[in-house]
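Following is a predicted model, sequence given first.
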Amino acid sequence: MNTVSDFFESTVAESPHTPAVIFGETVVDYSELNARANRLARRLIAAGVGPDALVAVAVPRSIRLIVAVLAVLKAGGAYLPLDPSYPAERLAHMIGDARPVLLLRTEDVTALRLEVPEMVLDAPPFEAMCERERGENVTASERLALLTPAHLMYVIYTSGSTGVPKGVAVSHAGVADLVATQARVFDVERGDRVLQWASFSFDAWFWDFTLALLRGATLVMADADALLPGDSLRETLLKYDVKHAVLPPVALGGTDSAGLLLGGTITSTGDVCTGSLAEAWSKGRRLFNGYGPTEVTVGAAVGGPIDGVQAEVTIGSPWDGGVVYVLDELVGDCGDGDEGELYLAGTGLARGYLNRPGLTAARFVADPYGAPGSRMYRSGDRGRHEADGEFYFTGRIDHQVKVRGFRIELGEVEARLAGHPAVEIVVAVVSGADVATASVAAYVKTSARHAVTEAQLREHARRTLPEHMVPSTFVLLEQFPTLLNGKIDRKALAERAVRPAAEPAPFAASVANEPKSYEQLLCELVMETLQISGVTPQDNFFDLGGHSVLAAKLASRMRKELGVHVSMRAMFAAASLAELARLMEQAEPVRA
């Protein structure tokens, strides 16, 4: 068989004493990790988890998270990742839609009020129960039914164009070819350090997980603030001597590449890798460019190694067992060099969208070029292939976009904001000149019957959307620009999607030769970082349009230009720039 459990247990047999996972200062080898997962898997089987049973997992970054996922898969079940930081409403929708048989959580995840049987993994009584289970591999006879590659492996929810997130159901069928591709392309050796960067709620997490744990390498985990682009990410990569990492362009662009991953590999994925990024990150290491939506088993194509400056960076060729078509509007094959829509087929194709047969039928269509009964996924991405076999991604067909590496349906952002009683019309667009500054901007026409402020709209969005989908900018309009046919001119809104200039900062002009305070210096840095004016010490960085990537950029400038280090955790916790400035005053000076 070719399931995740099979591959992992083979790795354990070959490398029992090799470090499997590092989290902070804690190290667990393959033998111990396997035993912990086996004990928990037996508790799951006793609770009714078997093939095709879905188990929700709400566990923060930790070794316990890895144990939980392995245990679910060993029991034969499939995991549903729940990020505890997501809004309760969104998590409740995912639970209600997916209907898992069980929820795994830790004691610190207390905000979830989900009517699902649960196991609290770090509760002492439950830990004691697990310790009484056997640590040997779970056998086929112990499972509730025979586990095959056709059974469900995970369900990951993506942004939905109608405002309803949709769950992508992926089986084990593509795992063998994923492992083969990783072995052929990346040369991961036993004991190599692999960074676990992506959020648990995204399929890129599964790539990091398998690249390490199905190859005998060591998975390096860290707290989220230690992975923020810039100095934090750089320090983490150096501290743990990471040799392999998968990062989106926004993280690559915000991090100095010098001395990182030397002799190893870096894979850019999640957004367009520019020629300048390729030039910076191809020196001293092998650079790859990956492509693939959630509707396949993590990826569909990979290009590289990429060397030096390129006007356009290729997404390469299909994975083992995969097929990429470039088709026209009549589903005919486009010629070399001609743009069309990218259709994906092969072993890694998802089953479809969970409990959404109509949407599944619309996006997973018959493959006229494959074997009878085979399917292909209509990606909505534009691309082309050249005579040398290389594929290139050239953009999106619909309103789905990538912002800071996150896949976002602007329609979902609009639908959520439209749920506010004061909103009559809303259009969401992407603002920002490059991937580092890109964010969502919302243009809103409000009802005369209801008064609403930008802060209230932002708070409404935060209650229903994850952080990366909350608009950084809200612009209230009386009238929207329109096309000749009367439709809203989205292109015009995108072009003007910049924060309107306010009055100059009251402290911008200081007395000659008078030293500026930390408040003044910080506010000036914030204005430059966010490209806005009108900043006051009472403002909150994130309410001004900041996000995690820009916060990391600001922290880096504070360190380099002002000589003070403030942790990313403090950056997020500071209620105002004035509070952040006080932390700067109290911080230890950065030593050269």
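Sure thing, it's come through.

Tell me the confidence at Ala311?
In this model, Ala311 is scored at 63, pLDDT.

give me the beta-bridge partners of His385?
Taking DSSP bridges as the rule, His385 bridges to Phe391.

can I assume it is in contact with Asp336?
Yes: under the criterion of C-beta atoms under 8 Å, His385 makes contact with Asp336 at 6.4 Å. Quick note: C-beta positions are derived from backbone N, CA and C, even for glycine.

neighbours around Ala455, how many?
Per other C-beta atoms under 10 Å, the neighbour tally for Ala455 reads 11.

Tell me how far the closest residue to it other than its chain neighbours lies from Arg134.
Leaving out its chain neighbours, the residue that sits closest to Ala455 by C-beta to C-beta, 6 or more residues apart in numbering is Asp543, at 6.8 Å. Note on Asp543: its distance to Arg134, by C-beta to C-beta, to the nearest Å, is 53 Å.

neighbour-wise, which of those two wins?
Taking other C-beta under 10 Å, Asp543 and Arg134 do not tie; Asp543 has more neighbours (14 against 11).

separation between the more buried one and Gly321?
For Asp543, the distance to Gly321 equals 47 Å [C-beta to C-beta].

same deal with Val298?
With the distance defined as C-beta to C-beta, Val298 ends up 13 Å from Gly321.

contacting residues for the nearest residue in space to Gly545 that is not next to it in sequence?
Distances taken as C-beta to C-beta, 6+ apart put Ser472 closest to Gly545, at 3.9 Å, once the chain neighbours are dropped. Each residue near Ser472 by C-beta atoms under 8 Å, 6 or more residues apart in numbering is listed here: 431, 439-441, 545-547.

between those residues, which has the most around it?
The residue in those with the most neighbours, by other C-beta under 10 Å, is Val440 (26 neighbours).

beta partners for it?
In this entry, Val440 is beta-bridged to Val430, by DSSP bridges.

doesn't Gly411 make contact with it?
No: Val440 is beyond contact range of Gly411, at 11.9 Å (criterion: C-beta under 8 Å).

mind checking pLDDT for Val403?
Looking at Val403, the pLDDT reads 76.

Report how many residues lie close to the nearest residue to it once chain neighbours are set aside.
Of all residues not flanking Val403 in the chain, Ala438 sits nearest, at 5.2 Å (C-beta to C-beta, 6+ apart). By other C-beta under 10 Å, the residues close to Ala438 number 21.

Then Val164?
Val164 has 16 nearby residues by other C-beta under 10 Å.

so who does it touch?
93, 412, 415.

Then the first one would be within a strand, right?
No: secondary structure assignment (DSSP: H, G, I helix; E, B strand; the rest coil) places His93 in helix, not in a strand.

Disregarding flanking residues, what is the spatial nearest neighbour of it?
Pro165 (6.5 Å).

can you pull out the helices in the stretch 351-500 of the chain?
Taking DSSP state H, counting those that start in this stretch as the criterion, the stretch 351-500 of the chain contains helices spanning 357-363, 410-418, 454-464, 490-495.

right, so the ones you listed: which one is the most enclosed?
Highest mean neighbour count among the helices of the stretch 351-500 of the chain (mean count of other C-beta atoms under 10 Å): helix 410-418, with a mean of 22.

just checking, what packs against it?
With contacts taken as 3 or more C-beta pairs under 8 Å, 6 or more residues apart in numbering; DSSP states H and E, helix 410-418 sits against strand 423-431, strand 439-446, helix 454-464.

For the stretch 201-350 of the chain, which segments are assigned as helices?
Ranges of helices within the stretch 201-350 of the chain are 203-213, 231-239, 249-253, 275-281, based on DSSP H, counting those that start in this stretch.

follow-up on the earlier one: hey, what's in contact with both of Val298 and Gly321?
Counting by C-beta under 8 Å, 6+ apart, the residues touching both Val298 and Gly321 are Gly348.

Thanks a lot, catch you later.
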